[in-house]
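> Everything below, folded, please.
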Amino acid sequence: MGLFGLTPYLFLAPAFVVYATFLLYPLGRAAQISLYDWDGLTLATFVGLENYVDVVTDPRLREAFWHALVLIFFFAVLPVAIGLVLSAVLVRGRVRGLPFFRTVVFLPQVVAMVVVAVAWRQIYAPDGTLNTALEAIGLGALTRAWLGDFTWTLPAVGFVGTWVCTGLVTVLLMAGMARIPNDLYEAATLDGAGAVRSFFAISVPAVRAEIVVSLTLTIIAALKTFDLVYVTTSGGPGTSTTVPSYVVYRRAFMEGDVGSAAAVAIVLTALIFLINLAVNLIGERER
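Got it, this is the predicted structure:
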């Protein structure tokens with residue numbers, strides 16, 4: 001291979017060095033630490049795969065991973081379903097002031113998640129906006145301490161994720177639907193197809209690529225969420241909202257079990273990769 005054959009790799013080298021320095025090396029270092037029993041200060045003791053066995057056998061850790069999977073429904077599935085309907089209405093409905101509505105819908109993405117968490121913690125408070133509104137419309141029996149109820153806390157936290165992610169998904173889907181030729185809808189109308197049938201036969205298939213991208217981004221957000229849980233519930237009440245990323249923080253910085261925290265982080269990284277790989281493979285196969 002001559003000098004000119006190496007030219008593309010020379011252009012890629014700076015980006016690869018940055019990528020390896022800030023991602024591959026820390027990931028490899030975390031994988032190495034996960035094989036040790038280490039408190040972060042004293043000498044580490046090699047324990048092999050014991051920390052990974054603990055991830056599989058510890059019921060609290062299994063519960064945390066289950067909570068993360070539940071959040072996928074709120075962060076990914078619901079926003080995509082709502083976003084499809086919203087984008088179809090905003091694009092096909094010829095809504096006036098479309099840029100304004102697009103900005104309003106996307107607004108939650110602009111606000112820092114910590115600020116969002118603080119705001120929703122006030123909304124969910126026993127004397128907060130949600131309970132006040134329920135009492136005002138005669139539904140006082142439904143009021144509760146939303147972030148202190150073992151049954152409703154996880155859905156309450158998940159709904160915040162729905163509120164945040166719906167805007168991003170809607171904007172992505174609107175961009176895809178705006179490219180659909182209007183002739184397709186006119187032909188469907190001439191064939192007797194209504195709005196609902198046109199939506200499922202034309203709009204949804206046309207934005208399959210955007211759906212895959214939306215699911216990829218929102219699933220990652222669901223599985224790695226930390227700040228929302230930390231600010232709103234700190235994993236409580238009990239362990240009802242504990243998620244893997246919060247377990248990593250607690251074990252590494254509060255319990256001094258860095259090796260176990262690293263193992264949980266590696267397993268979480270692998271889970272995120274595998275789920276998103278499956279989503280993208282399914283999306284490519286359906287195209």
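> From residue 69, how far out is residue 48?
In this structure, residue 48 and residue 69 are 28 Å apart, going by CB to CB, to the nearest Å. Yep, even glycine has a C-beta here, placed from its N, CA and C like the rest.
> out of the two, which sits in the busier spot?
residue 69 (14 against 9; other CB atoms under 10 Å).
> Please tell me how far the more buried one sits from residue 151.
18 Å.
> cool, residue 99 as well?
In terms of CB to CB, residue 99 sits 41 Å off from residue 151.
> same thing with residue 65?
20 Å.
> With residue 103 instead?
Counting by CB to CB, the gap from residue 103 to residue 151 is 36 Å.
> For the two, indicate the residue with more neighbours.
residue 103 (13 against 9).
> after whichever strand or helix holds the more buried one, next one along is what?
Assigned by DSSP states H and E, residue 103 belongs to helix 98-110. Downstream of helix 98-110, the first helix or strand assigned by DSSP H and E is helix 113-123.
> pLDDT score for residue 166?
The score at residue 166 is 94. That number is its pLDDT.
> surely it meets residue 84?
No - using CB atoms under 8 Å as the test, residue 166 is too far from residue 84 to be in contact (10.6 Å).
> helices or strands next to the helix or strand encompassing residue 185 in the packing?
Element membership of residue 185, judged by DSSP H and E, is helix 182-190. If you count contacts as 3 or more CB pairs under 8 Å, 6 or more residues apart in numbering; DSSP states H and E, helix 182-190 packs onto helix 195-198.
> tell me the mean pLDDT over the helix it packs on?
For helix 195-198, mean pLDDT is 88.
> next one: stretch 202-218
Stretch 202-218 shows a mean pLDDT of 93.
> May I see the buried residues of that stretch?
By 16 or more other CB atoms under 10 Å, the buried positions in stretch 202-218 come out as 202-203, 206-207, 210-218.
> now do stretch 49-58
51-52, 54-55.
> Filter the residues you listed down to the ones in helices?
51-52, 54-55 (DSSP state H).
> Just send these back as CSV, with pLDDT and distance to residue 186 too.
Shown next, in CSV, are these (pLDDT from 0 to 100; distance: CB to CB, whole Å):
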residue, pLDDT, distance to residue 186
51, 95, 61
52, 95, 58
54, 93, 61
55, 91, 55
